[in-house]
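Chemist: here you go, sequence then predicted model.
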Amino acid sequence: MAAVSTRNIVKKFGEVPAVNGISLDVPDGEFMVLLGPSGCGKTTFLRIICGLEQQTSGDLLIGGDLVNGIPPRARGVAMMFQSYGLYPHFSVRHNIAFPLRTQRVPSAEVDKKVAWASQLLGIDHLLDRRPRQLSGGERQRVALARALVREPTALLLDEPLSNLDAKLRTSARQEIKQFQQRVGVTTIYVTHDQVEAMGMGDRIAVIDRGQVRQVGTPSEIYDDPADRFVATFVGAPPMNIVARNGGYLGFRPENFLPKDMVKDAAITEFKFRVDRSEYLGSERIVYGVLEGFDPQQVITAKLPPAHVADEWIRPGEWHPFAVRDSALRHFDNDGKRSRRH
Amino acid sequence: MVAIADAVPKPARLAARFRFILDRRDVLGAIMVAPAVLYVLLLVGVPFLMAVYYSLSAYTIYDPSWRFVGLSNFVDIVENPVFRQTLYNTFIFTFGSQTLGLVLGKFGALVLLRPFPGRKLVRALVILPWAVPIALATVAWQWMFDSLYSVINWTLIALGVVSRSDAPNWLGTPHLAMLSVIVVNAWRFFPFAIVIFLAGITAVPQDVLDAATVDGAGFWRRNYQIIMPMILPIVAIGLVFGIVFTFTDLSVVFLMTMGGPVGATSVLGFLGFQTGINSGDVAHGAAISLFMLPVLLVVVVAMLRFIRRREI
């Protein structure tokens, strides 16, 4: 059974559609990531699920029940906000207990659940502090404990890591994922960061301009993008797309290699002029243009530095490059995948 | 280096020292603050000290002697039942008008937070009671409470709430007179309360309100468990101002009832003015006015400590 499923959800602000017909099923226990650029409607969609916004049309089911007109408190979902939304005037204990208090859960039960949630997240020593006395990471855990304490049907997370610094973000990413697996709560996670999406999602829904472009596992999204938007949005550097024969040809920078490195398979050859290169330690990113294609279009190649010597890459030189045919992706004129390999 | 320093002529060095004198923070700061400090010292500090001395002397305008009499003026006024009644009135007046003003302010702020056509106009108009000169506004209120021409009574009679024969005499009955001055003062104060509440409520982060909504809090719980505690420090500051201004105020009473009927609406400021200026008994007038100081001091210190404890 799907914990959360939506049928053609549309949300218009005035005449502008923020969400433009999203149908999505999130099965029980799944970690679903909504990935998309800023302003694509992913946060609005999340707010519709928890009831903070009302959809213009479409149906929303939570735990199998139609909840279209039902207020947030009766939906059984919990949400964790970008800046956590902790209650500054309450202690951590009171913060975590709040969702239970609003449900008029008996006091003894509240204490038990607060203890459970705070132990789960390792914040039981902070219970008497105020939110402002906590670090960013601790605040995040308090917010997570507050969201989980009433064991919601679905946990909604809106860019929860964007307020943490880069180092903390990596560890928090792992923590949230491990934690979700342990508790097994259905999770919908909104982010614009593809690293978070790829690293955490069981499945990813890529959203653009209010519509789902593709739903799939991280490897499906990366290896078999449904269209040019997904192909260029996911991956850093993004997939190279070049126009050919009235359609488009796409290949990932790491599949675009010197010809002698890809001898053992069916390949497509290109002549590549190196313009600039960046050495990043574990990889070397090379920028240049292809012979016979648009000379303005920058093509990137991601090379393993161990296999490519420094002196080999000189600006202005032409080199034979190639892509395995199995790594080529074809798109038609509208940007949709035209041929499966 | 030494040679170069010696080469500079002495007067030039002196000029250089003063040319940049305004760049020094301590000097510039002192110059900037000086007018305000002088103003407070001359127009608040000196009169205050004079009032202290007057209250300890037997000074009247008929006998302007500076004879020191200790605390006997204070003993006199405390023993006077009129003063005790006035002190009680002042508390009722302050408490009543602040409470009513805060309730109206909270209500008004909630109304003005919601978008509706003409909201900007209403927001501008709502400031009027605060901006209109108190003398003008009070004259209007005086007519509304007039014993013969009261528009309030006319409305009550038209609605059938009271009959023409026993229509209330607002300013002529002790309790009703007190109610009237409280209403007028609350009416003056509530735009200020609205501004305070609006500032506080709009400063509550949307995320916190959304979190409360998702956590299951309805309108009342959001208002009284989340918003109110969070804005309490701001409201308390506003209330400190309100209390200080109301406790010391005499304008509404002076303009509407002259403390009457039979002292039912007399407040400390009014009594002090009557005694010290109108009757010329400066010593007792000063003692009455100074009586406000310890009362207000206790209230203000208590509230400020409360605010600091609640600081989040």
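Modeler: Good, I have the coordinates.
Chemist: and the helices in the stretch 1-150 of chain A?
Modeler: Per DSSP state H, counting those that start in this stretch, the stretch 1-150 of chain A carries helices over the ranges A:42-50, A:92-102, A:107-120, A:136-148.
Chemist: just the C-alpha atoms of the last one, please, in PDB.
Modeler: Spelled out, that is helix A:136-148. Extracted in PDB, the C-alpha atoms of helix A:136-148 (Å, rounded to 0.1, in the frame of the first residue of the first chain):
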ATOM      1  CA  GLY A 136      23.000  23.500  14.300                       C
ATOM      2  CA  GLY A 137      23.300  19.700  14.200                       C
ATOM      3  CA  GLU A 138      21.600  19.400  17.600                       C
ATOM      4  CA  ARG A 139      18.700  21.600  16.500                       C
ATOM      5  CA  GLN A 140      18.300  19.400  13.500                       C
ATOM      6  CA  ARG A 141      18.000  16.300  15.700                       C
ATOM      7  CA  VAL A 142      15.500  18.000  17.900                       C
ATOM      8  CA  ALA A 143      13.400  18.900  14.900                       C
ATOM      9  CA  LEU A 144      13.700  15.300  13.700                       C
ATOM     10  CA  ALA A 145      12.700  13.900  17.100                       C
ATOM     11  CA  ARG A 146       9.700  16.300  17.200                       C
ATOM     12  CA  ALA A 147       8.600  15.100  13.800                       C
ATOM     13  CA  LEU A 148       9.000  11.400  14.700                       C
END
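Chemist: how far off centre is the helix or strand just after that helix?
Modeler: Sequence-wise, the next helix or strand downstream of helix A:136-148 (DSSP states H and E) is strand A:154-158. Chain-centre distance of strand A:154-158: 13 Å, with CA atoms, centre = their mean, to the nearest Å.
Chemist: so what's residue 102 closest to, chain neighbours aside?
Modeler: Let's take chain A. Leaving out its chain neighbours, the residue that sits closest to A:T102 by CB to CB, 6 or more residues apart in numbering or on different chains is B:G216, at 3.5 Å. All C-beta spots, glycine's among them, are computed from the backbone N, C-alpha and C.
Chemist: my bad, chain B
Modeler: If the residues on either side of it in the chain are set aside, B:L102 comes closest to B:A193, at 5.4 Å by CB to CB, 6+ apart.
Chemist: that neighbour contacts B:L100, correct?
Modeler: No - contact criterion CB atoms under 8 Å: B:A193 and B:L100 do not qualify, at 9.6 Å.
Chemist: when the two are compared, which one has more neighbours?
Modeler: Here B:A193 and B:L100 are compared on neighbour count by other CB atoms under 10 Å in any protein chain shown; more neighbours surround B:A193, at 26 against 19.
Chemist: who are the neighbours in contact with that one?
Modeler: By CB atoms under 8 Å, 6 or more residues apart in numbering or on different chains, the contact set of B:A193 is B:G101, B:L102, B:L104, B:G105, B:K106, B:G108, B:A109, B:G238, B:G242.
Chemist: what helix or strand does the first one sit in?
Modeler: This means B:G101. Remark: B:G101 resides in helix B:81-113, with elements defined by DSSP H and E.
Chemist: closest residue of the stretch 101-250 of chain A to chain B?
Modeler: At 3.5 Å from chain B, A:T102 is the closest residue in the stretch 101-250 of chain A, using CB to the nearest CB.
Chemist: where do the helices sit along the stretch 51-200 of chain B?
Modeler: Remark: helices assigned in the stretch 51-200 of chain B by DSSP H, counting those that start in this stretch are B:72-79, B:81-113, B:119-126, B:128-131, B:134-144, B:151-158, B:174-203.
Chemist: now find how far off-centre the longest one is within its chain.
Modeler: Spelled out, it's helix B:81-113. Once both centres are worked out by CA atoms, centre = their mean, helix B:81-113 turns out to sit 11 Å from its chain's centre.
Chemist: in that helix, what's buried?
Modeler: The neighbour-count check on helix B:81-113 (16 or more other CB atoms under 10 Å in any protein chain shown) flags B:83, B:86-87, B:89-90, B:92-94, B:96-98, B:100-102, B:104-106, B:108-110, B:112 as buried.
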